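K.L.:
sequence plus the predicted model coming up.
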Amino acid sequence: SSRPNILFLLLDQWHPDWDGQHHETHTGPLPLKMPFLDEMALRGTRFTQAYVPSPFCGPSRACMAFGKEYDATGVMDNKRWPHELTTWDTVYKMLRDEGGYHTMSSGKDDFYEFDYHFPKYSGNPDHHPLADIGFSDAIRSDGKMRVAKDNPSWDEAYRTYLESVTVQTDDGKDINARKAYAGCMIGRGVRDGCDATSFKDENYPDNFARDTAIELLNRKPHGKPWFMQVNFPGPHDPIISTSRMAASVIHRKWPDPVNNPGFMGCPQQRNFKLGHDIRILPPQIDGRCNYAAELENLDELLLSIVKHVEDLGELENTLVIVAGDHGENLGDNGTRGKGIPWYASVSTPMFIMGPGVAAGRVHTGPIATFDLGATWLDYAGVLKRAPGMTTTSLRSILSGNPSPNRPFVSSGYLEWRTVIKEMPTSADDPTLTSYKLICAKSEKGMKGAPASATPFPSGAPFHLMLYDTIRDPYDLNPLDQLRLDVIAELVPLLPEGWCR
């Protein structure tokens, strides 16, 4: 068929180095094992500069849904959408209504508060206007922490599932699976029922997203092209490993964060002797090693979904995309989390394989992840674009064309905006590189800055910072005092009112 199925596997808060392809990092070897992504890299195209429209869950996903840049959506943070957005068409709705696709969503998609087909489980008590996001079917779940804190009367899929399951603790006591889960996420661990026996892989949040994705695939109509977005809650914090996951990473050395030695160390390596019977490790919280354990578990889940599509006889005609909604700073330069303009926050791994996609190829130029929307519409044969959509198809790049699909890439969040452009290194050096210009409106816009960054000028209305993302991916060598020519070329590309 000329119109493939589309399977979008979306991870939450994924550091761009932690994809199984970066065996050496700035601070040492990274022994991460992700064999499915290794296979995707061989069978498809991998992107090394995939920039998110905004490094925050709600804004990034809204940009992808509406096919618009950060400032154009009006979704500035994780709070409620502006009312007018509920009348806009989404990429998903266009796939369903214009393309005839059966569209599905599982896991934490951050749309449940606004979708009248699959409404927020709290019942929308403040009567916020609701929208048709565009899904034909969905099984939604909430983020890790909120599932533990949800009102017991709310009908949220993962919470409801946990409530229905009885598990045993290490000492043989029967308890509710949600109580064990809450003990891990917001409680006191073993003292609140979270132990090696009660918190198992089969009840893990990412595994639940996989299970509901397969349930949706099994009940989809036959003979109709389909789109599925699987929204994994991980590896978003809180970082937590089951006993098996924790044991799987205990014998490997994990690299320190950039400019922050010793931060986010491995708790099971610190608290247990390596000769200890690691089969009975309690669940482990935090640490870069457990971030790796989450990712290695996710790699297995990605493979299992793709294998299920293959078992259905549909993989050969399915476009498979794996990406993150944004990055995770993971302790680099003393900061963890997201929402900042630095490498680990504003970019994410991305892999694509399927019919017509160049195999074994690495695309090193900057691309925008919200351009996936136009890519899906392109493959679906949908020519229409909703008013204001600026998403641009990546299909030419996927077929092997190295030329960029847009002249520059943008990102932003609250107190900063950035543009990234591929261009010659200088007038004397035609070698292509990528320059990133950051405009910060306050010191808050420089949160997590490397110590080498030029400080925010006292009393100034904004501050410009420039980096070469190819030669200096970790933003350690500022060029804003050295390359005024590049700054002059990039400043006009910033949104109106930002440093211009």
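P.N.:
Sure thing, it's come through.
K.L.:
switch to C-alpha atoms for all contacts and neighbour counts from now on
P.N.:
OK.
K.L.:
mind listing what the residue nearest the centre of the chain touches?
P.N.:
The chain has Gly324 as the residue nearest its centroid, 2.2 Å off, counting by CA atoms, centre = their mean. Applying CA atoms under 8 Å, 6 or more residues apart in numbering to Gly324 gives the contacts 10-14, 348-350.
K.L.:
separation between it and Pro16?
P.N.:
In this view, Gly324 and Pro16 are 9 Å apart by CA to CA, to the nearest Å.
K.L.:
what do these two both touch?
P.N.:
Each of 348-349 lies in contact with both Gly324 and Pro16 under the rule CA under 8 Å, 6+ apart.
K.L.:
the helices in the stretch 301-450 of the chain, which residues?
P.N.:
Taking DSSP state H, counting those that start in this stretch, the helices of the stretch 301-450 of the chain run over residues 343-346, 372-380, 395-398.
K.L.:
mean neighbour count, the ones you listed: which tops it?
P.N.:
helix 343-346 (a mean of 27; mean count of other CA atoms under 10 Å).
K.L.:
need the per-residue pLDDT for the closest residue to the residue nearest to the centre of the chain other than its chain neighbours.
P.N.:
What sits nearest to Gly324 in space, not counting adjacent residues and going by CA to CA, 6 or more residues apart in numbering, is Leu11, at 4.5 Å. pLDDT, Leu11: 98.
K.L.:
the one 3 residues further on now?
P.N.:
Predicted confidence (pLDDT) at Trp14: the value is 98.
K.L.:
same check on His117?
P.N.:
78.
K.L.:
next, the contact list for the closest residue to it other than its chain neighbours, please.
P.N.:
In space, His117 comes closest to Asp132 once its chain neighbours are excluded; the distance is 6.3 Å by CA to CA, 6+ apart. The contact partners of Asp132, taken as CA under 8 Å, 6+ apart, are 86, 93, 114-117.
K.L.:
which residues touch Ala374?
P.N.:
Counting by CA under 8 Å, 6+ apart, Ala374 has contacts 67, 91, 391-394.
K.L.:
also Gly265?
P.N.:
Neighbour list for Gly265: 256, 287-289 [criterion: CA under 8 Å, 6+ apart].
K.L.:
do you know the pLDDT at it?
P.N.:
Note on Gly265: pLDDT of 96.
K.L.:
again with Lys224
P.N.:
Lys224 is assigned a predicted lDDT (pLDDT) of 95.
K.L.:
remind me which residues of the protein are low pLDDT?
P.N.:
Within the chain, the stretches with pLDDT under 70 are 1, 112, 119-127, 152-153, 274-279.
K.L.:
that older thread, for the helices of the stretch 301-450 of the chain, which one sits closest to Asp485?
P.N.:
Closest of the helices of the stretch 301-450 of the chain to Asp485 is helix 343-346, at 22.6 Å (criterion: CA to CA).
K.L.:
so how far is the closest one off the chain centroid?
P.N.:
Remark: helix 343-346 is offset 11 Å from the chain centroid, using CA atoms, centre = their mean, to the nearest Å.
K.L.:
swap in stretch 17-33?
P.N.:
18 Å.
K.L.:
what's the neighbour count on His251?
P.N.:
For His251, the neighbour count with other CA atoms under 10 Å is 11.
K.L.:
for it, helix, strand, or coil?
P.N.:
coil (DSSP: H, G, I helix; E, B strand; the rest coil).
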